[in-house]
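Colleague: Have a look at this prediction, sequence included:
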Amino acid sequence: MQDLDLEKIKVEAKGEIENAGDLAGLVLIGKKYLDKDGVLGEFFKSLGKLSKEERAEAGVKANEIKQYLAAVFEAKSGELEAKNIEQSGQNFFDTTLPGVAPAVGHLHPFTLIEREIGEIFSGMGFEIAESREIETEWYNFDALNVPKDHPARDEFDTLFMEGGLCLRPHTSPGQVRYMENHQPPLRIIVPGRCFRRDAVDASHMPNFYQVEGLMVDKGISVANFKAVIDEFFRRFFGGAADSKKAGGGGNIRLRPSFFPFTEPSFEVDLRCVNCSGSGCSACKGTGWMEVMGAGMVHPAVLKNSGVDPSRWQGFAFGIGMDRLAMIKHKINDIRLFYGGNQRFLNQF
Amino acid sequence: MLFSFEWLQSFFNKKLPESHQLARLVLSRGFEVEGIKKTGKDWLLDISILSNRPDCLSHIGMAREIGAILGLKPNFAKPKAVKSKNQIAARSLIAVEIQDQKICPRYTAMAVAQTKVKPSPGWMARRLEACGLRAINNVVDATNYAMLETGQPLHAFDWDKLAQGRAKAKKIIVRTAEKGESIKTLDGKIFDLQPWMALIADESGPLALAGIKGGKRAEIDADSSTIILESASFDARTIRHTVRHLGLSTDASYRFERNIDASGTLYAAQRAAELIALTGGGRVLAGAADKYFNPAKPKKVILNLPVAETLLGAPIQTAAAKKYLEALGFSSRKAGRDELEITVPPRRADVAIAQDIVEEIGRIFGYEKIKPEFPCVEILPPGKNYFWQQKNAARDAIAAAGYSETRNYSFISAKDCQNFNVETARLLEITNPINADLRFLRPALLINLLKNFCANREFENLRQFEIGKIFAKDRRDEPTMLAGAARNSSFREVKGALEFLASRLRVSNFAIVPLESEKDPCDDFFDSSCRARILAGKTHIGALGRLHGRIALNLGIEPPMVFEMDFGLLAKNIAEKIIYQPLPEHPKSVRDISVDMPARTFSGDVVEAARAADDSRLIESFEIPGEPYYYPGNKNKNILFRFHLRSDEKTLSGQEIENWQKNAIAAIERNPEWRVKK
Ligand SMILES: [Zn+2]
């Protein structure tokens, strides 16, 4: 055995182990080389015939090879075992099974929109204020300079109750109630539910939401209103509206209108977010969508709210939130917002 | 109102832009154009006139606007003057008596004699019909035509049918109705009149409902030949109340309700008279019987140009401003440094203050020319709205617990009240509801929320909630409620969801407790065998339980678990800050105690007994991992309690835990009906 070439054993054994096709074959190979009676065992036994020095040297080398082959054997045996388990199906997992959804509910689209509107205006320093849904005629009309016994009052299609009370047809009474308790400078939005004597159809509801806005300070102008509102729409509709420049004014246009509580008054049109103004069915071919009424706060409203109109001026606006939500999500029927259709809610 | 393009064009020498372009200009500078359509060779523009601009309910008014917008001067021809020489004066035929000048500040009557009533010529009939008025005969059509042109409603009477009094001139009397009086209008309808309604009468009785509709008695017919033309101004409020009271609205009342300028009556009457003579022949009698009380002095408004510039946020050239105003009929003169004194034409009742003038300048200048500019103000962050944030936090928490948010109607019907056994007497009621389904305001959110459960049948585990306001006669504070419902859910699940909500909102004194007595306040929406009160501290803020079987039956659904609470009261108990509690330093031990007890025992009472005996305060928490087990016969049950024990001071020894358990068992078994299973 002295002639035995250890290197040769190493190469042969490694080759055989690595080529083993199954565990049983591998065990036999292991026995052949690594057992006491195996090739290496025989080699160790043969060492007795050598001199002390030779024995030590050959022993060290043989041990190294034994350890090396044992490691190769272990690796191969692990590999074959894993293959075995895989083939038996024990360790198979079907990752294409559908996921199990957590039982979490959905927020109403109006909540998401209210938050978004609140966030944009908060960022521009507007405080969120809320106001009553049932109003007196004073807050709803008189304080807002809506003339008594005038068709302008009828235009609000107000729902009335006994005792001179009504359901607010707009969020503007919130302006008066806020200014009664806060002197300018002030910036608020007042989101909330409003009510009108409208029969239900795809675009009308007896209850709906508005977001009132009010900014009163020194020398606030139409130009300021245009910048703030344009920026709001730019943020709210993201890239959909013309977003060349902050406050550039490209997203909106003002048309003359009449509201008793503002002077001058405007109707604000938004550049169609669907066609960017070239004209489509969503904007009836005009390129514009009517989204809010606005204007410069009428001095009488300031006075009725306890604010000195000779010192302060400002703008006010009322956004139809239902309409914004419909435009944003391309919803064609306002009724979907009311009545809790779960399939609808699941989309938000 | 419908405007004829051709008619508008007739006031200008220069050609107007084609109709669609004109419509766009009108839209951007004045009024909303609702539509354009072709009729014959003409185009019709449907323009929505703002309620403060009755002066534009006429072709002349609109032509004036268009002139100002385009910088063109329109020509409004004066009706041909009637030479009074050798002519019978109108006053010899007609006299006007106004009994109440408040309801009628001006009444102008003119007369046309020896005319013939016949169909109108084609050009006149076509224009009327294009603008939506039916052609009747040349006399009635002339009054309507003059109205569409000038904005002033007119009426024609047959002079021969008026009562003859002692004087030669017949008398037109403007007065309020007498008690019990009624009138038969042109269309043959009879209206009973109220004593405050304004009437046109002669000495024998009513002739017309002032400013609204003519009466049958002095109607123009084929034989009429002497025509009296009425062109008057009536009190807008009286007209409006009468219109509402009688449910009778006309083109005339529509204009009078918006306050027609009294200074224009004579012009309109002259125009109508001219048209009658032109189409039916005869002579326009000279002059008019014209009663005019206190003609208003022209209003003057001081416009400070720098102030106007800060309101618009754009530079205003004085010359340009003057030009716009003049085109609209305002005159101006320099009143001081940077100030103009503006004289407002009488037809513009809507203009009273400087801001009104700024609007006129701004809109004709063009709002699109105002360059947007962010305000320069302090960049203070806005104040916090706590309640807003709390509502949003609640929405997030309850949604995380599996409930989807809904927004439901604020209205309920009488049938809903029946279904939910709600007394309508305590509800706020709409006095002018759209229909019976929208008659009352909701006194609870659950009523409409549960209707969603009828609709969403395919969702086996439907869970929905709403945060919103409720209303009742005794709840003028408009409480904000939080309500929810869960299909295929257990009481423990809903209770767990609400406890989760409370902990998320940092309400530490939130509790769900059994009713103490039958009289305990708790809604009768709930099944009496499965309901509980919700408390925040000692305040009762709501209830939860299984929907009452009868209500479920009415709705046709399996009774879900439901809850409703006053969110405002809950929010009052929200801790503003999170205060950190030191983490435990010693390990926890767990001990199970299994107790047999009568079926009607509250598990909470057993826990209370164990807590009472826990002198060294080792109980950190407890749970009931399974469901109670009911022994055959359902008289007794077994509950497994799992106590989590921990000391703040040390690691508990086996002996200490042993002692705790002994004490707890002894305390529980002090109740002779409770047995701890060993
Ligand atoms: Zn479009």
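Modeller: That came through fine.

Colleague: in the chain, which ranges drop under the pLDDT threshold?
Modeller: Let's take chain A. Low-confidence segments of chain A (pLDDT under 70): A:1-4, A:239-247.

Colleague: think we crossed wires, I meant chain B
Modeller: B:81-87, B:518-522.

Colleague: In it, what residue comes closest to chain A?
Modeller: Nearest residue of chain B to chain A, counting by CB to the nearest CB: residue B:313, 2.7 Å away. All C-beta spots, glycine's among them, are computed from the backbone N, C-alpha and C.

Colleague: so what's that residue up against?
Modeller: Contacts for residue B:313 (CB atoms under 8 Å, 6 or more residues apart in numbering or on different chains) come out as A:221-224, A:226, B:370-371, B:373.

Colleague: Among those residues, the buried ones, what's the PyMOL command?
Modeller: Only the buried entries of the contacts of residue B:313 go into this PyMOL selection, using 16 or more other CB atoms under 10 Å in any protein chain shown:
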select buried, (chain A and resi 221+222+223+224+226) or (chain B and resi 370+373)
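
Colleague: before we move on, back to that, against residue A:154, how distant is the residue of chain B closest to chain A?
Modeller: For residue B:313, the distance to residue A:154 (CB to CB, to the nearest Å) stands at 33 Å.

Colleague: quick revisit: which of the contacts of residue B:313 sits closest to residue B:504?
Modeller: Residue B:504 lies nearest to residue A:224 out of the contacts of residue B:313, by CB to CB, at 40.1 Å.

Colleague: how far away is that closest one from residue A:249?
Modeller: Noted for residue A:224: a distance of 12 Å to residue A:249, by CB to CB.

Colleague: ok, now residue B:351?
Modeller: Computed as CB to CB, the residue B:351 to residue A:249 distance reads 28 Å.

Colleague: How about residue A:31?
Modeller: Counting by CB to CB - residue A:31 and residue A:249 are separated by 89 Å.

Colleague: Tell me which of the two has more neighbours.
Modeller: A direct count of neighbours by other CB atoms under 10 Å in any protein chain shown for residue A:31 and residue A:249 places residue A:249 higher, at 22 against 12.

Colleague: Pull the contacting residues for that one.
Modeller: Applying CB under 8 Å, 6+ apart, we find residue A:249 in contact with A:226-227, A:230, B:371-372.

Colleague: same thing but 7 Å
Modeller: Residue A:249 is in contact with A:226, A:230, B:372, counting by CB atoms under 7 Å, 6 or more residues apart in numbering or on different chains.

Colleague: Same check on residue A:134?
Modeller: With contacts defined as CB under 7 Å, 6+ apart, the neighbours of residue A:134 are A:165, A:167, B:471, B:478.

Colleague: Distance from the chain centre to stretch B:283-302, please.
Modeller: On the basis of CA atoms, centre = their mean, to the nearest Å, stretch B:283-302 is displaced by 39 Å from the centre of the chain it belongs to.

Colleague: send the alpha carbons of it over as CSV?
Modeller: Extracted C-alpha coordinates of stretch B:283-302, given in CSV (Å, rounded to 0.1, in the frame of the first residue of the first chain):
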residue,chain,number,x,y,z
ARG,B,283,-104.0,107.1,-34.4
VAL,B,284,-101.8,107.2,-31.4
LEU,B,285,-103.4,109.7,-29.1
ALA,B,286,-101.1,112.5,-27.8
GLY,B,287,-99.4,112.3,-24.5
ALA,B,288,-100.1,109.8,-21.7
ALA,B,289,-101.9,109.6,-18.5
ASP,B,290,-98.8,109.1,-16.4
LYS,B,291,-98.8,109.0,-12.6
TYR,B,292,-95.2,108.9,-11.3
PHE,B,293,-94.5,109.1,-7.5
ASN,B,294,-91.2,110.2,-6.3
PRO,B,295,-89.0,109.4,-9.2
ALA,B,296,-85.7,108.2,-7.6
LYS,B,297,-82.8,110.6,-7.9
PRO,B,298,-79.9,109.0,-9.8
LYS,B,299,-77.6,107.2,-7.5
LYS,B,300,-74.0,108.5,-7.2
VAL,B,301,-71.1,106.3,-6.2
ILE,B,302,-67.6,107.4,-5.4
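
Colleague: What about the closest residue to residue A:302 other than its chain neighbours, how many residues nearby?
Modeller: Distance criterion CB to CB, 6 or more residues apart in numbering or on different chains; nearest residue to residue A:302, sequence neighbours excluded, is residue A:309 at 4.3 Å. Residue A:309 has 19 neighbouring residues, counting by other CB under 10 Å.

Colleague: likewise residue B:271?
Modeller: Considering only other CB under 10 Å, residue B:271 is surrounded by 27 other residues.

Colleague: quick one: contacts for it?
Modeller: Residue B:271 neighbours (CB under 7 Å, 6+ apart): B:79, B:146, B:149-150.

Colleague: just how off-centre is stretch B:470-489 within its chain?
Modeller: In terms of CA atoms, centre = their mean, the centre of stretch B:470-489 is found 23 Å from the chain centre.

Colleague: Can I get that stretch in PDB, CA atoms only?
Modeller: Extracted C-alpha coordinates of stretch B:470-489, given in PDB (Å, rounded to 0.1, in the frame of the first residue of the first chain):
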ATOM      1  CA  ILE B 470     -78.700  63.400  13.600                       C
ATOM      2  CA  PHE B 471     -81.600  65.600  14.300                       C
ATOM      3  CA  ALA B 472     -84.600  65.800  16.600                       C
ATOM      4  CA  LYS B 473     -86.800  68.500  18.100                       C
ATOM      5  CA  ASP B 474     -85.000  68.100  21.500                       C
ATOM      6  CA  ARG B 475     -81.500  67.800  19.900                       C
ATOM      7  CA  ARG B 476     -80.900  71.300  18.500                       C
ATOM      8  CA  ASP B 477     -77.200  70.600  19.100                       C
ATOM      9  CA  GLU B 478     -77.000  68.400  16.000                       C
ATOM     10  CA  PRO B 479     -75.000  65.500  17.700                       C
ATOM     11  CA  THR B 480     -72.500  63.800  15.500                       C
ATOM     12  CA  MET B 481     -73.000  60.000  15.800                       C
ATOM     13  CA  LEU B 482     -71.000  57.000  14.900                       C
ATOM     14  CA  ALA B 483     -73.100  54.000  13.900                       C
ATOM     15  CA  GLY B 484     -72.300  50.600  12.400                       C
ATOM     16  CA  ALA B 485     -73.700  47.200  11.600                       C
ATOM     17  CA  ALA B 486     -72.200  43.800  11.000                       C
ATOM     18  CA  ARG B 487     -73.800  40.800   9.300                       C
ATOM     19  CA  ASN B 488     -72.700  37.400  10.500                       C
ATOM     20  CA  SER B 489     -70.900  38.800  13.400                       C
END
